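K.L.:
attaching a predicted model along with its sequence, questions to come.
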Amino acid sequence: MPRMAGPTRQFWQEKFLQRTTPWDRGAPSPQLLSWLDGGTLTPCRIAVPGCGSGHEVVLLAQRGFEVVALDYASAAVDRTRAALASAGVTAQVLEANVLDWQPDAPFDAIYEQTCLCALHPDYWINYAIALHGWQKPGGRLFALFMQGWRKGAAEGQVEGPPYHCDINAMRALFEASRWNWPKPPYARIDHPLGIAELAVLLTRR
């Protein structure tokens with residue numbers, strides 16, 4: 001069996017078990033709060049791939065969403081379920097590989113923050129195809145594209161995670177024949193790691 005490119009399931013499992021998760025803000029993304037408080041994102045059936053510690057899952061459940069959360073690592077799933085229980089809210093939390101998993105019903109929205117940048121770019125096309133297939137026509141992808149460019153990129157190195165989600169690559173990945181793109185500029189959200197994310201709201205054709 002060929003070796004999988006990028007980090008393995010065990011890599012992520014150890015990160016969560018050892019609590020070495022420096023990308024974790026310890027709270028929901030301020031951009032998610034902005035989308036919610038501004039009325040851009042309202043209660044619906046929503047997927048959260050790569051849910052991690054579950055901060056956004058809890059917030060969405062508290063705001064009345066029907067949430068389906070996924071993660072590759074069982075330790076992340078356990079952490080998200082514990083956070084939901086502590087908050088007294090419910091969501092469906094599944095241990096699943098996002099490249100293989102299929103929903104039992106399409107989603108109105110997907111919140112993509114930490115999954116794409118955690119996947120090795122070899123799998124990005126398959127992931128983008130999966131997200132398109134999960135959604136209803138007219139469904140919306142609330143995306144935070146990680147801006148984590150590293151010097152090795154100048155020599156062609158693919159370094160991560162997190163992997164840099166160059167906006168030109170994102171335009172090719174989420175192609176205009178499948179997604180409606182808003183005009184830039186896009187909101188830039190600072191991240192505790194000293195990098196940033198670009199907030200882009202795509203609509204499925």
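P.N.:
Here it is on my side, so go on. Numbering: from 1, shown residues only.
K.L.:
the bottom helix or strand of the chain by mean pLDDT?
P.N.:
One helix or strand of the chain scores below all others by mean pLDDT, DSSP states H and E: helix 9-18, with a mean of 85.
K.L.:
in that one, what's buried?
P.N.:
Buried residues in helix 9-18, counted by 16 or more other Cβ atoms under 10 Å: 12, 15-16. (Each C-beta comes from the backbone N, C-alpha and C, glycine too.)
K.L.:
what comes into contact with the helix or strand where Ala169 lies?
P.N.:
In this structure, Ala169 is located in helix 167-173 according to DSSP states H and E. Contacts with helix 167-173, where a contact means Cβ atoms under 8 Å, 6 or more residues apart in numbering, come from 121, 124-125, 128, 143, 145, 181, 184, 186, 198, 200.
K.L.:
ok, now stretch 93-104?
P.N.:
Under the contact criterion Cβ under 8 Å, 6+ apart, stretch 93-104 has outside partners 47, 49-51, 54, 57, 68-74, 77, 80-81, 84, 115, 119, 123, 126-127, 130, 133-134.
K.L.:
try it again at 6 Å.
P.N.:
Residues from elsewhere that reach stretch 93-104, judged by Cβ atoms under 6 Å, 6 or more residues apart in numbering: 49, 69-70, 74, 77, 80-81, 123, 126, 134.
K.L.:
mind exporting the C-alpha coordinates of it to PDB?
P.N.:
This file holds the C-alpha atoms of stretch 93-104, laid out as PDB (Å, rounded to 0.1, in the frame of the first residue of the first chain):
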ATOM      1  CA  VAL A  93     -20.200  14.300  15.600                       C
ATOM      2  CA  LEU A  94     -18.700  11.600  13.500                       C
ATOM      3  CA  GLU A  95     -15.200  10.100  13.200                       C
ATOM      4  CA  ALA A  96     -14.800  10.000   9.400                       C
ATOM      5  CA  ASN A  97     -12.400  10.600   6.600                       C
ATOM      6  CA  VAL A  98     -13.800  13.600   4.700                       C
ATOM      7  CA  LEU A  99     -12.400  12.200   1.400                       C
ATOM      8  CA  ASP A 100     -14.600   9.100   1.700                       C
ATOM      9  CA  TRP A 101     -17.600  10.100   3.700                       C
ATOM     10  CA  GLN A 102     -21.000  10.900   2.200                       C
ATOM     11  CA  PRO A 103     -24.000  12.600   4.000                       C
ATOM     12  CA  ASP A 104     -27.400  11.000   4.100                       C
END
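K.L.:
residues contacting the helix or strand following the helix holding Ala169, please?
P.N.:
Toward the C-terminal end, the helix or strand that comes next after helix 167-173 (DSSP H and E) is strand 179-180. With Cβ under 6 Å, 6+ apart as the test, strand 179-180 has contacts from 202-203.
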